[in-house]
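Trainee: Quick check, what structure comes out for this input:
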Amino acid sequence: MSTLTAVSLFSGCGGFDYGASTAGLSIIWANDVDKHAAAAYRKLMPGVNFVTQDVRKINSFPKADVLIGCYPCTGFSLAARRKWHDRTDRDLKNIEGNFLYKEFIRAIPFVKPKYLFIENVGGMTSADGGWFFKEQLRGLREAGYIMKHSTLRAESYGLAQTRKRVFLVGIREDIATDFEYYFPEPTHGTGVLPIKTLYDVIGNFNTVEEDVLQTKFHGHYLTRNRKRSWNEPSFTIVADANHVPLHPVGEPMVQAGKDHWLLQGRINRRLSWRECAAIQGFPHDQLDTDSNLRAKYKVIGNAVPPCFGYSIVRPVVEYELGHRLSPIFENAFCEI
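Mentor: Prediction:
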């Protein structure tokens, strides 16, 4: 086989797909309902047939070797749990978006993939005592796949960001008799390459005021530390522009009490959307669309870092195509 084809659902701006394509997958069809994510995807991956539509209204899907899905995590994230602290986990079953994994399973008989790749937040495994996670695994196993899952940290794979996500990989039962999937070993950290820092990625970045959200810092923002130093990786890049981490310039924040942090000095600003894109590992300027500022932050914060896409699919590409790939995602953004 010379090419592995892939269909992508809940594709966002194409972070996972971009990394996977760098590893050797040919993305032939992708989908997301968000028009801002669609605009960014088309700029990042111009050769892909991208359909901007609610997946629940799509009646059929192309056949491909691989099916990728990064379905939404409406009630699974820690942020959502904080927001809904007065609710029980049972309420999660009333959030429609938490059942979009069923659309991924619905697509399987159309795509007939050999391999499945799924990404989600860590809270998915514990929500409602693990019920949602077990239901997904049950449905995927019933569809004929041997499933493996692992929680991976982005800084361990070359990203200057402490981002933790859950990945599920499915191998069709007939293929699993000859091939056993193993999640990739870390490429950065103790005993391997140094963890990338904010300085490595944005140390020479030229930022303009128009690329930075200028609203005040208040309320929940000041309940915890939001500023990492130049020689550390960033906090997780989030989708809500109001809660994006601070740029490392200036003085560190100081804890004044439980859930109470103070800004110090006169220089305190959020990371720009372009800096967020760089910290997520996207190539320079490839996500610059006509979307408004908040939409750009949202698209980038929701994205799967490309280094994950590359690293996760690499073992399958090496098995199918029969040649070794570098364990390191080489297309990550570096300082300009």
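
Trainee: and the gap between residue 2 and residue 112?
Mentor: Relative to residue 112, residue 2 is positioned 19 Å away (CB to CB, to the nearest Å). For the C-beta atoms, the positions are set from N, CA and C on the backbone; glycine is no exception.

Trainee: More neighbours: which of those two?
Mentor: Under the criterion of other CB atoms under 10 Å, the comparison of residue 2 against residue 112 puts residue 112 first, with 14 against 7.

Trainee: can you tell me which residues contact the more buried one?
Mentor: 63, 64 (CB atoms under 8 Å, 6 or more residues apart in numbering).

Trainee: With residue 266 instead?
Mentor: Residue 266 is in contact with residue 250, counting by CB under 8 Å, 6+ apart.

Trainee: change it to 10 Å
Mentor: By CB atoms under 10 Å, 6 or more residues apart in numbering, the contact set of residue 266 is 250, 251.

Trainee: so where is the chain shaky, pLDDT-wise?
Mentor: Within the chain, the ranges that satisfy pLDDT under 70 run 1, 73-98, 123-129, 284, 332-336.

Trainee: which residues in this structure form helices?
Mentor: 15-23, 35-44, 78-83, 101-111, 131-142, 173-176, 198-202, 273-279, 293-302, 306-321 (DSSP state H).

Trainee: how about the ones you listed, which one is nearest residue 248?
Mentor: helix 198-202 (5.1 Å; CB to CB).

Trainee: how close does the residue lying closest to residue 67 once chain neighbours are set aside get to residue 188?
Mentor: Closest residue to residue 67 apart from its sequence neighbours, by CB to CB, 6 or more residues apart in numbering: residue 113 at 4.0 Å. Note on residue 113: its distance to residue 188, by CB to CB, is 30 Å.

Trainee: Give me the distance between the two termini of stretch 241-255.
Mentor: In stretch 241-255, first residue to last residue: 23 Å (CA to CA, to the nearest Å).

Trainee: What's the local residue count around residue 143?
Mentor: 18.

Trainee: Same check on residue 265?
Mentor: Neighbours of residue 265 (other CB under 10 Å): 9.

Trainee: quick one: contacts for it?
Mentor: With contacts defined as CB under 10 Å, 6+ apart, residue 265 is in contact with 249, 250, 251, 252.

Trainee: Greatest separation within those: which pair is it?
Mentor: Between any two of the contacts of residue 265 (CB to CB), the greatest distance is 10.9 Å, for 249 and 252.

Trainee: rewinding a little: so if I had to pick from residue 113 and residue 188, which one is more boxed in?
Mentor: residue 113 (23 against 20).

Trainee: hey, what's in contact with both of residue 249 and residue 252?
Mentor: Listed as contacting both residue 249 and residue 252 by CB under 10 Å, 6+ apart are 227, 265.

Trainee: Would you mind giving the domain segments of the protein?
Mentor: Using automatic domain parsing, the domains assigned to the chain come out as 4-189+302-321, 198-287.

Trainee: how long is the shortest one from one end to the other?
Mentor: With CA to CA as the measure, the first residue of domain 198-287 is 20 Å from its last.

Trainee: quick one: it to chain centroid distance?
Mentor: In terms of CA atoms, centre = their mean, to the nearest Å, the centre of domain 198-287 is found 18 Å from the chain centre.

Trainee: ok so, going back, wait, doesn't the residue nearest to residue 67 sit right on residue 64?
Mentor: Yes - taking contacts as CB atoms under 10 Å, residue 113 lies within contact range of residue 64: 6.0 Å.

Trainee: Next, show the common contact partners of these two.
Mentor: Contact criterion CB under 10 Å, 6+ apart; residues shared by residue 113 and residue 64: 5, 6, 7.

Trainee: List just the nearest of the residues you listed to residue 203.
Mentor: residue 6 (34.7 Å).

Trainee: quick one: that closest one and residue 117 touch, right?
Mentor: Yes - if you go by CB under 10 Å, residue 6 and residue 117 touch, sitting 8.5 Å apart.

Trainee: got any residues that touch both of those two?
Mentor: 16, 20, 25, 66, 67, 68, 313.

Trainee: The fifth one touches residue 103, doesn't it?
Mentor: What that stands for is residue 67. No - with contact defined as CB under 10 Å, residue 67 does not count as touching residue 103 (11.4 Å).

Trainee: The stretch 151-300 of the chain: strands as residue ranges?
Mentor: All strands of the stretch 151-300 of the chain, identified by DSSP state E, counting those that start in this stretch, fall at 164-172, 254-257, 260-262.

Trainee: what are the pairing partners of the second one, and which direction each?
Mentor: I take that to be strand 254-257. Paired with strand 254-257 in the same sheet, following DSSP bridges, are strand 260-262 (antiparallel).

Trainee: picking up where we left off before, identify, from the shared contacts of residue 113 and residue 64, the entry nearest to residue 164.
Mentor: Minimum distance to residue 164 across these is 24.5 Å, recorded for residue 6 (CB to CB).

Trainee: For the closest residue to the closest one other than its chain neighbours, give the beta-bridge partners.
Mentor: Of all residues beyond its chain neighbours, the one nearest residue 6 is residue 66 (3.9 Å), with distances taken as CB to CB, 6+ apart. Under DSSP bridges, the beta-bridge partners of residue 66 are residue 6, residue 115.
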